[in-house]
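> I'll drop the sequence and a predicted model, then ask my questions.
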Amino acid sequence: MLTLISPAKINLFLKILGKRADGYHELASLFQTVSLVDTLHFSLVSQDSLTCTNSFVPTDASNLIWKAVELFRQKTNLQFAIKIHVEKIIPVQAGLGGGSSNAATTLWALNQLLRAQIPIETLILWASEIGSDVPFFLSHGTAYCTGRGEKIKSLSPLPKLELTIVKPSQGLSTPAVYSKLKLSSLSECTPDDTLDKFYQNTPLYFNDLEEAAFTVNPELVHFKNYLLKCGFETVLLSGSGSSFFCLGQSTSKINDSFHVSFINRSNSSWYSK
Ligand code: C5P
């Protein structure tokens, strides 16, 4: 049996560069893993099974965990059956990459349990076939991601930061948010300069998907304003939402909020809290 945590991510900045012929959007984003985590238990058994503590999470073939298992089987030709149990804490439809993180954690776990010795660079390539955000979770936890998000450049850890993640009751669908993007009214920041700012301790937080998310669900504008009124200095949508990450302190108690910090992993080991 192998038990691994599966961390959430936030996008410290997310710049959309344009729409591609294949329908995806070209982006440049600074991704960071945080200490809001699911816990996954893996054991090699005689029959495949997947269970999850959250009954709203599908456990059928649509779950990215099964996509990771099937991909690992197909690429390695190894025969195995795996029992996986997910203790789900990361909110879903939240822009926190929970499903993608679970898939990346599964690739790492199978490589360990089956002693397959697949190099991390290869796992990262395979991960991009599962979803745009999956490769990032195989980085060291801080990465500059480009392309549709799958091209990752691992970076050294950022200065530690305490933050609060808040999930409004309504979730958001990623394709719905992307479909509302107005390419003519995006930020003019240059991604490379913005990235430098984070390492010069003058960070600039922005997310080009925020306006589109507000168009899909206008209630979210009020929710962001409410969080700012609570006393947070910076409030920004993570990824395609609907969760926000907040810097600074709130003067009121906020429902469904998580106090987190950045986490990173070392070269040879998986994430730990
Ligand atoms: O790659 P993934 O399956 O996670 O993407 C989900 C959806 O999000 C895509 O089908 C697309 O509508 C949108 N998307 C996009 N551009 C990206 C990433 C995702 O338009 N860079």
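Received, thanks.
> how much distance is there from stretch 202-220 to the middle of the chain?
Distance, stretch centre to chain centre, for stretch 202-220: 16 Å (CA atoms, centre = their mean, to the nearest Å).
> So which bits of the stretch 1-150 of the chain are right by the ligand?
For the stretch 1-150 of the chain, the residues in contact with the ligand (CB under 6 Å from any ligand atom) are Tyr24, His25, Leu27, Gly131, Ser132, Asp133, Arg148, Gly149. Where C-beta positions appear, they are placed from N, C-alpha and C, glycine not excepted.
> please redo it, this time with the cut-off set to 5 Å
By the rule CB under 5 Å from any ligand atom, the part of the stretch 1-150 of the chain lying against the ligand is Tyr24, His25, Gly131, Ser132, Arg148, Gly149.
> and those residues, which are buried?
Buried by 16 or more other CB atoms under 10 Å: His25, Gly131, Ser132, Arg148, Gly149, out of those.
> Looking at the residues you listed, which is nearest Gly99?
Nearest to Gly99 among these: Gly131, at 7.6 Å, using CB to CB.
> Give me the pLDDT value at the closest one.
Gly131 is assigned 98 on the pLDDT scale.
> and what of Asp256?
Asp256 is given a pLDDT of 89.
> And the one 3 residues further on, by the same measure?
Looking at His259, its pLDDT stands at 97.
> What does the residue nearest to it when sequence neighbours are not counted show for phi and psi?
Excluding its sequence neighbours, the residue lying closest to His259 (CB to CB, 6 or more residues apart in numbering) is Thr164, at 5.6 Å. Backbone geometry at Thr164, expressed as degrees, to the nearest 10, gives phi -120, psi 130.
> Just the pLDDT at Thr190, thanks.
pLDDT, Thr190: 93.
> measure it to the ligand for me?
19 Å (CB to the nearest ligand atom, to the nearest Å).
> coming back round to it: out of the buried ones among the residues of the stretch 1-150 of the chain next to the ligand, list just those in strands.
In this view, those that belong to strands under DSSP state E are His25.
> would you turn the buried ones among the residues of the stretch 1-150 of the chain next to the ligand into a markdown table with distance to Gly239?
Output for those, formatted as a markdown table (distance: CB to CB, whole Å):
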| residue | distance to Gly239 |
| --- | --- |
| His25 | 12 |
| Gly131 | 12 |
| Ser132 | 10 |
| Arg148 | 13 |
| Gly149 | 9 |
